[in-house]
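# Output the structure for:
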Amino acid sequence: MNSTFDWNLIRSFLAALEHGSLLGAARALQASQPTLGRHIAELERQLGAVLFERTGRGLLPTAMALRLAESARAMESGAHQLARSLSGAEADASGTVRISASQPVACFVLPPLLAQMRLALPQVQVELVASNAVSNLLRREADIALRMVQPDQTSLIARRIAKVTLGAYAHRDYLRRRGTPRQPADLLAHELIGDDRGEAVLRGFASFGLPVAREAFGFRTDDLIAYWHAVRAGLGVGFVADYLARTDSQLVPLLPMLKIAPLPIWLTVHREIRSSRRIRAVYDFLADAVPRAL
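Predicted structure coming up:
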């Protein structure tokens with residue numbers, strides 16, 4: 001292999017391996033597919049081996065690729081550890097902090113809080129990643145994450161700062177048309193809003209003793225913002241966070257006897273990076289502000 005090795009080739013290789021296609025890898029790295037293709041081809045040329053079988057469904061790693069993956073991930077881990085160490089050594093509280101949060105939290109909870117934080121920490125710029133996927137803090141996809149699940153990596157610090165309570169809701173116009181359900185079993189006679197490919201609402205119905213098939217949902221989406229607006233538009237009965245429902249006076253809470261488990265919110269940061277003054281300042285602000293907002 002060429003001694004003047006280009007680390008970008010390994011980044012592209014690992015992204016292609018993880019996402020199974022050049023398109024997915026390009027999106028993850030915010031690069032173009034031709035660039036990723038050139039990187040993979042150059043790495044194969046330098047190794048003198050084929051790393052991926054090109055199929056109609058994407059990229060299938062060869063045995064050589066699987067052997068290379070362990071060393072490549074070790075290189076990646078070392079590079080990120082170096083980056084975190086450099087970031088943690090910063091003494092200045094100014095600069096950019098990248099925050100990851102679910103769509104509803106990013107769109108409805110954080111904006112007013114970040115407006116307050118802008119006044120308190122004017123020297124800090126924020127990059128906000130609104131995604132329901134769990135950002136990988138170990139790979140520096142974010143500096144701070146607001147997650148609904150507790151991370152299991154020992155190098156991350158996770159603090160449970162709040163919980164999101166959920167309830168069944170419908171628009172007043174819908175209830176005027178269809179009537180108000182009084183018991184959980186009444187839901188089976190109503191228009192229901194559910195998941196497309198997700199399982200959360202299906203599991204919820206099963207926990208109520210009402211196992212239903214996905215076809216029971218007249219409207220299905222995995223996009224949480226689209227789901228919220230479908231409830232607001234009167235498409236049927238849906239299950240949304242109470243903090244969202246409180247923002248629309250036309251939504252009516254239903255079936256208070258339903259016991260829906262609340263979702264915890266974990267404020268997560270990398271252990272090494274907390275020594276950065278700006279990240280610590282943002283972390284402390286969110287730890288105080290988010291629970292009050294919810």
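
# and A261, how far is that from M148?
Using C-beta to C-beta, to the nearest Å, we find A261 at a distance of 11 Å from M148. Every C-beta, even on glycine, is put in place using the N, C-alpha and C of the backbone.

# Between the two, tell me which one has more neighbours.
Per other C-beta atoms under 10 Å, whichever of A261 and M148 has more neighbours is M148, with 15 against 11.

# Leaving out sequence neighbours, find the closest residue to that one.
Spatial nearest neighbour of M148, chain neighbours left out: L263 (4.8 Å); criterion: C-beta to C-beta, 6 or more residues apart in numbering.

# Ok, I265 next?
In space, and not counting its chain neighbours, I265 is closest to A162: 4.5 Å by C-beta to C-beta, 6+ apart.

# and the one you found, what does it touch?
Taking C-beta atoms under 8 Å, 6 or more residues apart in numbering, we find A162 in contact with P264, I265, V290, P291, L294.

# Give me the phi and psi for it.
phi -170, psi 180 (degrees, to the nearest 10).

# same check, this time on L235
Residue torsions, per degrees, to the nearest 10, at L235 are phi -70, psi -20.

# P256 now?
Backbone torsions of P256, given as degrees, to the nearest 10, read phi -60, psi -10.

# swap in R177?
Note on R177: backbone dihedrals following degrees, to the nearest 10 are phi -80, psi -40.

# For L267, I want the exact helix or strand it lies within.
Element membership for L267 (DSSP states H and E) is strand 263-270.

# Which residues does that strand contact?
Applying C-beta under 8 Å, 6+ apart, the external contacts of strand 263-270 come out as 84, 105, 137-138, 143-151, 155-164, 166, 241, 279, 283, 286-287, 290, 294.

# Can you flag which of these belong to helices?
R84, I279, Y283, L286, A287, V290 (DSSP state H).

# ok, so of the residues you listed, who is nearest T55?
Ranked by distance to T55 (C-beta to C-beta), those are led by R84 at 36.6 Å.

# The strand holding L267 pairs with which strands, and in what direction?
strand 144-147 (antiparallel), strand 156-164 (antiparallel) (DSSP bridges).

# For that strand, which residues meet the burial criterion?
Using 16 or more other C-beta atoms under 10 Å as the test for burial, strand 263-270 gives L263, I265, W266, L267, T268, V269, H270.

# ranges for the strands of the stretch 151-294 of the chain?
In the stretch 151-294 of the chain, the strands defined using DSSP state E, counting those that start in this stretch lie at 156-164, 166-171, 192-194, 217-220, 238-241, 251-254, 263-270.

# swap that for the stretch 1-150 of the chain, sorry
Going by DSSP E, counting those that start in this stretch, the stretch 1-150 of the chain shows strands at 52-55, 58-61, 95-101, 124-130, 144-147.

# what's the most buried one of the ones you listed?
Comparing the strands of the stretch 1-150 of the chain by mean neighbour count (mean count of other C-beta atoms under 10 Å), strand 144-147 comes out on top with a mean of 23.

# now the contacts of strand 263-270: which count as buried?
For these, a neighbour count by 16+ other C-beta under 10 Å gives the buried set as 84, 105, 137-138, 143-147, 151, 156-158, 161-162, 164, 166, 241, 279, 283, 286, 290, 294.

# Burial check on H19, number of neighbours?
Applying other C-beta under 10 Å, we find 18 residues neighbouring H19.

# and what of the one 5 residues further on?
G24 has 17 neighbours, counted by other C-beta under 10 Å.

# same deal with D152?
Residues lying near D152 (other C-beta under 10 Å) number 7.

# And the pLDDT at it?
Confidence at D152, expressed as pLDDT, is 74.

# What of W228?
pLDDT for W228: 96.

# What of G78?
61.

# Likewise for L23?
As predicted, L23 sits at a pLDDT of 88.

# Excluding chain neighbours, what is closest to it?
Closest to L23 by C-beta to C-beta, 6+ apart is Q33, at 6.0 Å.

# pLDDT below threshold where in the chain?
Applying pLDDT under 70 to the chain flags the ranges 1-5, 77-93, 133-140, 272-275.

# domain parsing for it?
Partitioning the chain according to automatic domain parsing yields domains covering residues 7-88, 95-159+263-293, 166-254.
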